[in-house]
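**Q** I need the structure of the sequence given here:
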Amino acid sequence: MSNKVVSFKLIGEFAAFRDPSVTSNQTVSHIPSKMAVIGVLGAMLGVPRSDKLVDRYSTQYLELLAKVKIGIEVVARSEKTVFYTNHRSFKEAKTKPVKSELLVRPQYIIYVASEDQALIDELFSRVSRREFVFPPYLGHAYCPAMVSDAKLYEASAATGMFKTATVVLDENSVNGDSSVDPTLLGGSSVILDDLLYHFMNDGRLSARALRHWVPIASKFLVEFTTKPKFVTVLKLDDGSIVCVY
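**A** Now for the predicted structure:
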């Protein structure tokens, strides 16, 4: 992995990070999934999501997913708002009310690490100049994203217990266990969010529903009880510790 990490602020008036399999009573998560962040990166870099009607993701999109690790820091607590819409039935003359949630004024810092140094350099350049191929969104086209404050860090591997403000992926949560041993600090606020985590496995797209430990505008102490497969802990040259996955 490259010894450089790019970070940038990602904010908006609203966000709609939803489970795509749910069509009614649509709830939103407090953070974007890794695949949602890959969508933001792909838009900025000009990587098409799909180039065929039969394929959900293009080859370039899956390559981006495979070679990028992302970290998420929640800068401020966001409230959720609810609205209702009436969906008309195609089978009979009636409408069905659908409940939807939106996250209000989400604020994140996104960290991006990769072994592809050229990708890191291009991403830093594009965010610094705010010149994107496609406009980024926060989960839906009616939730435009604002991207700013590009930073480039030198990074090194961190081991043992660490203090972080970034989301920590719990890889063993699929079995009802946990690979994360957290310790809350005074004033810490942590939310548990179960999200789909997409990854490439022998060249094929796979996904698991995994628990994400989400500190809200705070830090907590973390130690892994088993060696993680997807997660890398990095120490940046400003002294901060980020968890990327």
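
**Q** for stretch 50-57, measure first residue to last.
**A** Its start and end residues considered, stretch 50-57 measures 5 Å (C-alpha to C-alpha, to the nearest Å).

**Q** checking E63 next. Helix, strand or coil?
**A** helix (DSSP: H, G, I helix; E, B strand; the rest coil).

**Q** any idea which element A36 lies in?
**A** Secondary structure from DSSP states H and E places A36 in helix 34-45.

**Q** ok, then the element right after the worst-scoring helix or strand of the chain on mean pLDDT?
**A** The least trusted helix or strand in the chain, going by mean pLDDT, DSSP states H and E, turns out to be strand 80-88, with a mean of 75. Downstream of strand 80-88, the first helix or strand assigned by DSSP H and E is strand 95-104.

**Q** for the chain, what spans make up the helices?
**A** Under the criterion DSSP state H, helices of the chain are mapped to 34-45, 59-67, 117-129.

**Q** residues in contact with the longest one?
**A** It stands for helix 117-129. Applying C-beta atoms under 8 Å, 6 or more residues apart in numbering, the external contacts of helix 117-129 come out as 2, 4-6, 8, 41, 44-45, 64, 67-68, 112-114, 132, 147-148, 150, 152. For glycine as for every other residue, the C-beta is placed from the backbone atoms N, C-alpha and C.

**Q** of the residues you listed, which belong to strands?
**A** Using DSSP state E, the members of the contacts of helix 117-129 that fall in strands are 4-6, 8, 68, 112-114, 147-148, 150, 152.

**Q** what's the closest of these to T232?
**A** Minimum distance to T232 across the ones in strands among the contacts of helix 117-129 is 7.1 Å, recorded for A113 (C-beta to C-beta).

**Q** these two touch, right, that closest one and V244?
**A** Yes - between A113 and V244 there is a contact at 4.9 Å, judged by C-beta atoms under 8 Å.

**Q** what is in contact with those two at once?
**A** With C-beta under 8 Å, 6+ apart as the test, A113 and V244 both reach 5, 69-71, 232, 234.

**Q** among those residues, which one has the most neighbours?
**A** Tallying neighbours with other C-beta atoms under 10 Å puts G71 at the head of the shared contacts of A113 and V244, with 29 neighbours.

**Q** pull the contacting residues for the closest residue to that residue other than its chain neighbours.
**A** In this structure, G71 finds its nearest non-sequential neighbour in Y111, 3.5 Å apart by C-beta to C-beta, 6 or more residues apart in numbering. When the contact criterion is C-beta under 8 Å, 6+ apart, the partners of Y111 are 5-7, 70-73, 166, 242, 244.

**Q** got a quick ChimeraX command for the buried subset of these?
**A** Selection command for ChimeraX covering only the buried members of the contacts of Y111, criterion 16 or more other C-beta atoms under 10 Å:
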select :5,6,7,70,71,72,73,166,242,244
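
**Q** the contacts of Y111 into TSV, with extra columns for distance to L196 and pLDDT?
**A** Below are those laid out as TSV (distance: C-beta to C-beta, whole Å; pLDDT from 0 to 100):
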residue	distance to L196	pLDDT
V5	24	97
V6	24	98
S7	24	98
I70	14	98
G71	18	98
I72	15	98
E73	20	98
T166	19	98
V242	22	98
V244	18	98
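
**Q** could you dump the contacts of Y111 to TSV with distance to V37?
**A** Output for the contacts of Y111, formatted as TSV (distance: C-beta to C-beta, whole Å):
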residue	distance to V37
V5	14
V6	12
S7	12
I70	5
G71	9
I72	7
E73	12
T166	12
V242	14
V244	11
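
**Q** just name the closest of the contacts of Y111 to I191, please.
**A** Comparing those against I191 with C-beta to C-beta places I72 closest, at 12.1 Å.
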